[in-house]
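> Could you work out the structure for the sequence below:
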Amino acid sequence: MADIPGLSRTRSRGLDEKILGPARIADALIVVIRSFEDPGVPHPSGEVDPMADLESSWTDLVVADLSSAEKRLESLKGLISKAGADHDEIVEAGALTRVVEVLERGAGAAEAGFSAEEERLLRGFGFLSAKPLVVVINIGDEQVQAGPDSRWIEWGDARGAGVVAIPGDLLAELGRLSDDEAALFAGEYGIEQNEALRVIEGAYRALDVVTFYTATGGEELRAWTLKLGGTALEAAGAIHSDFAKGFIRAEVIGVDLLIESGSWAEARKAGLVRQEGKTYRVEDGDVMNIKFAV
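Okay, the predicted model is just below:
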């Protein structure tokens, strides 16, 4: 995880590539937008306007992508005009031409649509506007009951981004209280104590991943992530390459069922543990015991 400096509506467009480097290699982006009023913490732009900040943040991502795409495209056009470009460079130039057209109208780079070959050639760009995006709106205590502004949701839907509204200051206050006091305090505001977990859930949805578990020694659970729709064989490979090479079968049970059973042994005794093959599609919350031979 990397944290880059906040964006501002008041500064000129464009971000230093040294700043953007960590973001370009990230699997997903989380953009935090302020929605609360606090005279003691003035907004850099002079007013709190979440929609304006959303648009500004998106524009920064698009402009950064446009700058890198145009720079490379100009170089490729020079090679092509001199008949000095190879096949890969010609294909890359065609893909970048579409990328530039898409970015110039303010859309994300992914809308250009890429073949498998083009994806391979453009992988190094790490287009920011093509990455899974989660928008976290930091709302004030007084906004909790009202819920997220419909405009935020519409903005996210239009760009395939997840939008989560959380009361950051209120959650920080809960963290300073005892469990009993926090539960009472959270109840008064109608929120969950683990409200911040919704950010993690939003990131998982954006990345299209599920969580599965392995039971170390039959008792202690360890969490792993896998692409949505991934198979038991792929899950085995995520744990260790040897597990995938020698895969025999997977013993599977839902985590809730395992907790209710009290132990892996009791779940097996009750007939709750299933035997699945390598093509089984792993579901969120599966607990797996991989059987393999090397």
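
> For residue 138, give the beta-bridge partners.
Here residue 138 shows beta-bridge partners residue 34, residue 166, assigned using DSSP bridges.

> So residue 249 is in contact with residue 289, correct?
No: the criterion here is CB atoms under 8 Å, and residue 249 misses it with residue 289 at 9.4 Å. For the C-beta atoms, the positions are set from N, CA and C on the backbone; glycine is no exception.

> got the buried residues for whatever helix or strand residue 22 lives in?
Element membership for residue 22, per DSSP states H and E: helix 17-24. Buried residues in helix 17-24, counting neighbours by 16 or more other CB atoms under 10 Å, are found at 20, 23, 24.

> and for stretch 233-251, what are the contacting residues?
212, 214, 224-227, 230, 232, 268, 273-280, 282, 288-294 (CB atoms under 8 Å, 6 or more residues apart in numbering).

> of those, buried ones?
Buried members of the contacts of stretch 233-251, counted by 16+ other CB under 10 Å: 212, 214, 224, 226, 230, 232, 273, 276, 280, 282, 288-290, 292.

> Looking at those residues, which are in helices?
residue 232 (DSSP state H).

> Closest to residue 102 out of the buried ones among the contacts of stretch 233-251?
Nearest to residue 102 among the buried ones among the contacts of stretch 233-251, counting by CB to CB, is residue 230 at 29.7 Å.

> measure that closest one to residue 288 for me?
11 Å (CB to CB, to the nearest Å).

> Give the residues shared as contacts by the two.
Counting by CB under 8 Å, 6+ apart, the common neighbours of residue 230 and residue 288 are residue 282.

> gap between the two ends of stretch 283-294?
End-to-end distance of stretch 283-294 (CA to CA, to the nearest Å): 26 Å.

> Please state the offset of it from the chain centre?
Distance, stretch centre to chain centre, for stretch 283-294: 25 Å (CA atoms, centre = their mean, to the nearest Å).

> Output the below-cut-off pLDDT ranges for the protein.
1-17, 185, 189-193, 195, 217-219 (pLDDT under 70).

> hmm, what's the outermost residue in it?
Distance to the chain centre peaks in the chain at residue 82, reaching 42.0 Å (criterion: CA atoms, centre = their mean).

> what's near enough to touch that one?
So residue 82 contacts nothing (CB under 8 Å, 6+ apart).
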